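Asker: No sequence on hand, only this structure:
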RNA sequence: CGGGAUAUAGCGUAGUCCGGUUAUCGCGCCUGCUUUGGGAGCAGGAGGUCGCCUGUUCGAAUCAGGCUAUCCCGACCA
């Protein structure tokens, strides 16, 4: 049988797509630009959800749910916000279908036209702020720290599984505060939560920073982001946290009486991460054998594959395997014992490698004789033998070790691909090679746009704690005080 | 929304130029036997409104016209 995956180098985007389909994470749906997330991919999302949700609770947030449909009028109150999303909205115009006059098929009933069209949410700022207006009268009502787990729709022209689908799953936090300082703190707190989650659980190193004006969220005063680097050298925005100032409060007339008994508009933030993170995961760690999942979020951490000749042999192996499975499960490790007779062991090895299961334990007659098992770690594909009694005790440390080494490998790749450029020639060459390019920029949107037109690279972020140094803009030669990170991005 | 292409079984395809028996092949699927320490072998089997509509014709996957959908390159984007 042919090799499952073509080399990543030849056609990265096709490789990416094939991997996701073959690893049974997701596939394109019948609806253009939408995807079906299969159980394996979804359980990964559930793990991510569970961990993130715990982190949100710890930072004092609560979950709520707001409507999918947003009246068009809400949407137009914040001018720059509508401008940012208007071009990619799904719009509900009718509420009924009827049988076609010719008797063939179903058509939209023109009599059932809505007075006011409804927009399928591309993000929920508008409907949430319309609701917050009713919740807030006094500083005693603040802060409001709400999060929503939901789906949103953005009618993108070009789509890719997980990275850019017309419908995607995410969480969006929307908070209201009595002061700018408090809102800014919240914005920063949440970008830190995201960075922690992505680095510690997904093992993807990120750079924290702020967006340039051109890349900022529609309606925000400031956008903080975490940027990751994919194996093909393109950058991916992995999460954002926005300081919205009083823009939405003013648009939706959300005022409160402060401690000095004066009316003021509330200060807002919003922040979100999406199923796009799964795309980031795939493109950060995978190799030619398939996915490589960090143990902390892998739907399945350990798989046990039996090797046997006949029914009797299987029974012997199963006894040991089931015992081991139970012991591992007592340590909160998720284990699957795959004793299906319909697949041969070699095929199972390949399937679980494709799915990125961190550890495979193989047990066969040869092992039973020696009272040992074979352990193969997915990240390095190294095999070793271990006494059966020692496996349970060693497993937590092994999983941690795999988690760490996946992160270090990705970090080394990322660090090796941050290149400084001081002349335009260096800059063009570095962008062409892929990775982050650290360069001086005169701070103007015109220059940023001009660079994008010439090289397709955009400013990914202005890193926090960026060293201040004198320099000259890479394009215009005008004076600059700090370097920013450029890259071609997804 | 501009430019280009494609549509044949679950997937990938041959056949289309030059119309003519029962639409080709591979993967996958089902059954049986042999296998099982790195994607098995043999034998048998199921599966098709040839994207849709109209036309030309004795006869259309094949020719003509229209429609629809999808993909690629731009613009847009978490």
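Answerer: Yes, it's here. Here the structure is a predicted model, which is why all the values come from computation and not from measurement.
Asker: could you pull out the strands for the stretch 51-200 of chain A?
Answerer: Ranges of strands in the stretch 51-200 of chain A, per DSSP state E, counting those that start in this stretch, are A:62-63, A:69-71, A:91-94, A:97-99, A:106-108, A:113-120, A:144-153, A:167-177.
Asker: of all the ones you listed, which lies closest to RNA strand B?
Answerer: RNA strand B lies closest, by Cβ to the nearest atom of the strand, to one member of the strands of the stretch 51-200 of chain A: strand A:167-177, at 4.0 Å. No exception for glycine: its C-beta is placed from N, CA and C like everyone else's.
Asker: ok, that closest one: who's next to it in the sheet?
Answerer: Strand A:167-177 has the following strand partners under DSSP bridges: strand A:144-153 (antiparallel), strand A:267-274 (antiparallel).
Asker: The residue of the stretch 201-350 of chain A found nearest RNA strand B sits in which helix or strand?
Answerer: Nearest to RNA strand B in the stretch 201-350 of chain A, going by Cβ to the nearest atom of the strand, is residue A:346, at a distance of 2.7 Å. Element membership for residue A:346, per DSSP states H and E: helix A:345-354.
Asker: Now that helix: average pLDDT?
Answerer: Throughout helix A:345-354, pLDDT has a mean value of 94.
Asker: Next, the buried residues of that helix.
Answerer: A:348-354 (16 or more other Cβ atoms under 10 Å).
Asker: Any part of the helix or strand just after that helix near RNA strand B?
Answerer: Per DSSP H and E, helix A:345-354 leads on to strand A:359-363 as the next helix or strand towards the C-terminus. Yes: applying Cβ under 7 Å from any atom of the strand, one finds strand A:359-363 in contact with RNA strand B at A:360, A:362-363.
Asker: Strand A:359-363 pairs with which strands?
Answerer: Under the criterion DSSP bridges, strand A:359-363 sits next to strand A:302-306 (parallel), strand A:372-377 (antiparallel) in its sheet.
Asker: hey, which of those strands is tucked in deepest?
Answerer: strand A:302-306 (a mean of 25; mean count of other Cβ atoms under 10 Å).
Asker: any idea of the angle it forms with helix A:345-354?
Answerer: Strand A:302-306 and helix A:345-354 meet at an angle of 170 degrees, taking axes from the mean of the first three to the mean of the last three Cα atoms, to 10 degrees as the criterion.
Asker: Based on its surroundings, how many neighbours for residue A:171?
Answerer: Neighbour count for residue A:171, taken as other Cβ atoms under 10 Å: 19.
Asker: dump the residue contacts of the residue nearest to it when sequence neighbours are not counted.
Answerer: With sequence-adjacent residues excluded and distances taken as Cβ to Cβ, 6 or more residues apart in numbering, residue A:171 is closest to residue A:149, at 5.0 Å. By Cβ atoms under 8 Å, 6 or more residues apart in numbering, the contact set of residue A:149 is A:49, A:53, A:63, A:65, A:169-171.
Asker: Can I get the strands paired with strand A:167-177 in CSV including distance to RNA strand B and mean pLDDT?
Answerer: Compiled in CSV, the strands paired with strand A:167-177 are given as follows (distance: least, Cβ to the nearest atom of the strand, whole Å; pLDDT from 0 to 100):
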stretch, distance to RNA strand B, mean pLDDT
strand A:144-153, 8, 96
strand A:267-274, 4, 96
